[in-house]
Structures are given as structure tokens and as C-alpha cells.
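Student: What would the 3D arrangement of this be:
(one chain, ligands or ions: 1)
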Amino acid sequence: MSDTSASQTGDQPQDTPAISQELLEILACPIDKSPVKLVGDRLVCQEQGHKYRIEDGIPIMLVDEVEQ
Ligand SMILES: [Zn+2]
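Tutor: Numbering: from 1, shown residues only. Next up is the predicted model:
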């Protein structure tokens, strides 16, 4: 017997990204304009490593909010 039917039971996987890949691809660091990647629950710019919070799926990409 092979049960390949994916039954949605409503439980959420633990590793759900904080934001979508599509959104991630259009975002850029406001300081150096470099692409950002998702690290844990933060966005980290690939140029200088600036970190930005994500609140309720909205990345807080403000120069005043950056965490060095
Ligand atoms: Zn940056």
C-alpha cells in the first residue's frame, strides 16, 4: 500500500519563512542597495550584513531601525 495523498491536517510547519521568496527578491538594503537574505527571522543584507526585523510579515527596512 502506498499512501501518497497529502492530507492537510492544519498543523503549521515550524520552518515557515517569515516572508515570501517573491518579496525577498525585490527587497534591497536601503543603505547599500545590496540584496538581502532571510536569516532566521531577520533580513540580512549581503553586502555589509545590516539586519532588519520582520513584523507580521512586513520587513522593517528603515535606516533608523537597522541592527549592526
Ligand atoms: Zn546593507
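Student: For the rest of this, base every contact and every neighbour count on C-alpha atoms.
Tutor: OK.
Student: What are the contacting residues of stretch 28-42?
Tutor: Residues from elsewhere that reach stretch 28-42, judged by C-alpha atoms under 8 Å, 6 or more residues apart in numbering: 17-18, 24-25, 27, 43-48, 50-54, 61-63.
Student: make it 6 Å
Tutor: Outside stretch 28-42, the residues within contact range by C-alpha atoms under 6 Å, 6 or more residues apart in numbering are Leu43, Val44, Cys45, Gln46, Glu47, Tyr52, Arg53.
Student: Looking at those residues, state which has the most neighbours.
Tutor: The most crowded member of the contacts of stretch 28-42, judged by other C-alpha atoms under 10 Å, is Leu43 (26 neighbours).
Student: Hmm, Tyr52 and that one touching each other?
Tutor: Yes. With contacts counted by C-alpha atoms under 6 Å, Leu43 reaches Tyr52, the gap being 5.0 Å.
Student: in stretch 53-68, what's buried?
Tutor: By 16 or more other C-alpha atoms under 10 Å, the buried positions in stretch 53-68 come out as Arg53, Ile54, Pro59, Ile60, Met61, Val66.
Student: quick one: average confidence on that stretch?
Tutor: Averaging pLDDT along stretch 53-68 yields 89.
Student: ends of that stretch, how far apart?
Tutor: Stretch 53-68 has its terminal residues 12 Å apart, counting by C-alpha to C-alpha, to the nearest Å.
Student: That stretch and the ion in contact?
Tutor: No. Stretch 53-68 lies out of reach of the ion by C-alpha under 5 Å from the ion, never closer than 8.8 Å.
Student: So what touches that stretch?
Tutor: With contact meaning C-alpha under 6 Å, 6+ apart, stretch 53-68 is reached by Ala18, Ile19, Arg42, His50, Lys51, Tyr52.
Student: Return the member of the residues you listed nearest to the ion.
Tutor: His50 (4.5 Å; C-alpha to the ion).
Student: Need the CA coordinates for stretch 35-51. CSV is fine.
Tutor: Provided in CSV are the C-alpha atoms of stretch 35-51 (Å, rounded to 0.1, in the frame of the first residue of the first chain):
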residue,chain,number,x,y,z
PRO,A,35,20.2,42.1,-2.0
VAL,A,36,19.0,40.7,1.3
LYS,A,37,18.6,37.2,2.5
LEU,A,38,16.5,35.7,5.2
VAL,A,39,18.4,34.5,8.3
GLY,A,40,16.2,33.2,11.0
ASP,A,41,13.5,35.8,11.5
ARG,A,42,15.7,38.7,10.2
LEU,A,43,16.7,40.0,6.8
VAL,A,44,20.4,40.4,6.4
CYS,A,45,22.0,42.4,3.6
GLN,A,46,24.6,40.5,1.7
GLU,A,47,27.0,43.5,1.3
GLN,A,48,27.6,44.7,4.8
GLY,A,49,25.4,42.5,7.0
HIS,A,50,22.8,45.0,8.1
LYS,A,51,19.9,43.3,9.9
